[in-house]
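Student: no FASTA, just this:
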Ligand code: SF4
């Protein structure tokens, strides 16, 4: 685990992706998009129909989150990660098309990890359940697609220093496996 | 006979929905603070500190501690001398509707498992009613997020499996769940009863205060054994590796069929929410 958190800006360029290693603590700023189950299903259906996606993908980071409604005076409601494996059927295609990173929680399947290694992408974990704290790092939020999906709509977020940890890097590493091995008592 | 108008439940349920999502209980905060000291892994320690900081922000701003404000599970113990006028179900659901709408809580409930259309107000609640002696009504609401609920199961073990088999089943379940249910987790175990009773008792077990064990000596011993074994897994806070994978194990027991050893395992996340009221 690195001593100091790395400051990273999204969208991610190739050099940044290459520099990130499992266990790195990252303070992420810049522009990211939200998307979870229903939005992913729609994105893939759009691609299958040969239509244009409502968001750019190159180097972009998708945050798996369905936020709570914003209280008056707040930019967004509480916004922690949802469990990522449910997006596994859709993620490899998006990584192939240039997506640079994902933020969620929990293990990814082999196909996702293979795609990350092949095309260069990272998977960050945000602290599941620390949703009020994470929401405080979101400075702007705007629905950009699928508004009818409510909490599942795609939002464009401007974020400042969102704390995340690199779980899978572009080299095939997996913090969940490594971390557990280090502390397991047989 | 004590007569209560069912509609009196609505404002109580509304408040419990909001309070349970904003204000995490002291028992949880206390075990989390202790866990910070017990955790060896720097990443794990940092996670636990952030979870505590999150609880402070949620309480300060009166916003949901976790965005997944869950399925609203309502436990009601109704005294046998109480008579409700009107529909308990409707009154509870109206409270949920108001609490989730006015409280800016996420509406996570769909009309059907396959059609998947959001009901828009987080109803219906899941309601468990029990008759108890007396003329009081005890209400507990426990919103339950999807991430941890999805990692839960009921195992119909062979009676020969015994205590060792039960401990193994619980440890295996937490092990497989890995980082998915936002560890550190809390585990509720329902031992005995039919299939659905084992599941319900596992959920009910999660209502007990953290940092305590069962009053029954044997049950307490098995709870401690499970807790120790789970914390050897190394999963740690958020699965980043560490000592603190589990904050507590609670077992509820029930009579059992001669052919069965049913074992419900309900995993809860650190965002363990429950609030009570007595009417
Ligand atoms: S598992 Fe719990 S802490 Fe994690 S996202 Fe779901 S409700 Fe929140």
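Tutor: Cool, got the structure. None of these values were measured; they are calculated from a predicted model.
Student: which strands and helices sit next to the helix or strand harbouring residue B:267?
Tutor: Using DSSP states H and E, residue B:267 sits in strand B:261-268. Using 3 or more CB pairs under 8 Å, 6 or more residues apart in numbering or on different chains; DSSP states H and E, the elements in contact with strand B:261-268 are helix B:146-149, strand B:153-157, helix B:162-177, strand B:185-191, helix B:195-205. Bear in mind the C-beta positions are built from the backbone N, C-alpha and C, glycine included.
Student: which of the ones you listed sits closest to chain A?
Tutor: helix B:146-149 (4.7 Å; CB to the nearest CB).
Student: in the stretch 101-250 of chain B, which residue sits nearest the ligand?
Tutor: Closest residue of the stretch 101-250 of chain B to the ligand, CB to the nearest ligand atom: residue B:145 (2.2 Å).
Student: dump the residue contacts of that residue.
Tutor: Applying CB atoms under 8 Å, 6 or more residues apart in numbering or on different chains to residue B:145 gives the contacts B:66, B:68, B:69, B:70, B:269, B:271.
Student: show me the beta-bridge partners of the residue lying closest to residue A:4 once chain neighbours are set aside.
Tutor: Leaving aside its chain neighbours, residue A:4 sits nearest to residue A:25 (7.8 Å; criterion: CB to CB, 6 or more residues apart in numbering or on different chains). Beta-bridge partners for residue A:25, by DSSP bridges, are residue A:165.
Student: and the pLDDT at residue A:151?
Tutor: As predicted, residue A:151 sits at a pLDDT of 83.
Student: with residue A:2 instead?
Tutor: We note a pLDDT of 46 for residue A:2 in this prediction.
Student: before we move on, back to that, separation between the residue nearest to residue A:4 and the ligand?
Tutor: Separation of residue A:25 from the ligand (CB to the nearest ligand atom, to the nearest Å): 20 Å.
Student: neighbours of that residue, just the number please.
Tutor: 17 (other CB atoms under 10 Å in any protein chain shown).
Student: about what we covered before: so what are the sheet partners of the helix or strand just after the strand holding residue B:267 and their directions?
Tutor: Later in the chain than strand B:261-268, the nearest helix or strand by DSSP H and E is strand B:275-278. As defined by DSSP bridges, the strand partners of strand B:275-278 come to strand B:137-144 (antiparallel).
Student: I'd like the helices and strands packed on strand B:261-268 laid out as a markdown table, including distance to chain A, mean pLDDT and mean neighbour count.
Tutor: Output for the helices and strands packed on strand B:261-268, formatted as a markdown table (distance: least, CB to the nearest CB, whole Å; pLDDT from 0 to 100; neighbours: other CB atoms under 10 Å in any protein chain shown):
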| stretch | distance to chain A | mean pLDDT | mean neighbour count |
| --- | --- | --- | --- |
| helix B:146-149 | 5 | 94 | 22 |
| strand B:153-157 | 16 | 98 | 16 |
| helix B:162-177 | 9 | 98 | 18 |
| strand B:185-191 | 11 | 98 | 26 |
| helix B:195-205 | 19 | 98 | 21 |
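Student: farthest-apart pair in the contacts of residue B:145, please.
Tutor: Greatest spatial distance in the contacts of residue B:145: B:69 and B:269, 12.6 Å, computed using CB to CB.
Student: between these two, which is the more surrounded one?
Tutor: Shown here are residue B:69 and residue B:269; by other CB under 10 Å, residue B:69 has more neighbours (31 against 24).
Student: so who does the more buried one touch?
Tutor: Taking CB under 8 Å, 6+ apart as the test, what residue B:69 contacts is A:68, B:21, B:100, B:105, B:106, B:108, B:122, B:143, B:145.
Student: in helices, which of these fall?
Tutor: B:21, B:100 (DSSP state H).
Student: which one of the contacts of residue B:69 is nearest to residue B:197?
Tutor: Using CB to CB, the contacts of residue B:69 come closest to residue B:197 at residue B:143, 22.4 Å.
Student: and the closest one, bridged to which residues?
Tutor: For residue B:143, the beta-bridge partners are residue B:72 (DSSP bridges).
Student: next to the ligand in this structure, residues from chain A, please.
Tutor: Residues of chain A found near the ligand (CB under 6 Å from any ligand atom) are A:80, A:128, A:129.
Student: show me the subset of those residues that also lies near chain B.
Tutor: Near chain B, judged by CB under 8 Å from any CB of the partner chain, the entries from those are A:80, A:128, A:129.
Student: number of residues surrounding the first one?
Tutor: Which is residue A:80. With other CB under 10 Å as criterion, residue A:80 counts 32.
Student: again, but for the last one
Tutor: If you count neighbours by other CB under 10 Å, residue A:129 ends up with 34.
Student: distance from the chain centre to the lengthiest helix in chain A, please.
Tutor: Ordering each helix of chain A by length in residues (DSSP H) puts helix A:37-48 first. Counting by CA atoms, centre = their mean, to the nearest Å, helix A:37-48 is centred 16 Å from the centre of its parent chain.
Student: what do you get for stretch A:79-94?
Tutor: Distance, centroid of stretch A:79-94 to centroid of chain: 8 Å (CA atoms, centre = their mean).
Student: for residue 11, which residues are in contact?
Tutor: Using chain A. Listed by CB under 8 Å, 6+ apart, the contact set of residue A:11 reads A:30, A:31, A:56, A:58, A:59, A:60, A:61, A:100.
Student: wait, chain B
Tutor: Counted by CB under 8 Å, 6+ apart, residue B:11 has contacts B:95, B:98.
Student: how far away is it from chain A?
Tutor: 20 Å (CB to the nearest CB, to the nearest Å).
Student: then residue B:279?
Tutor: Counting by CB to the nearest CB, the gap from residue B:279 to chain A is 28 Å.
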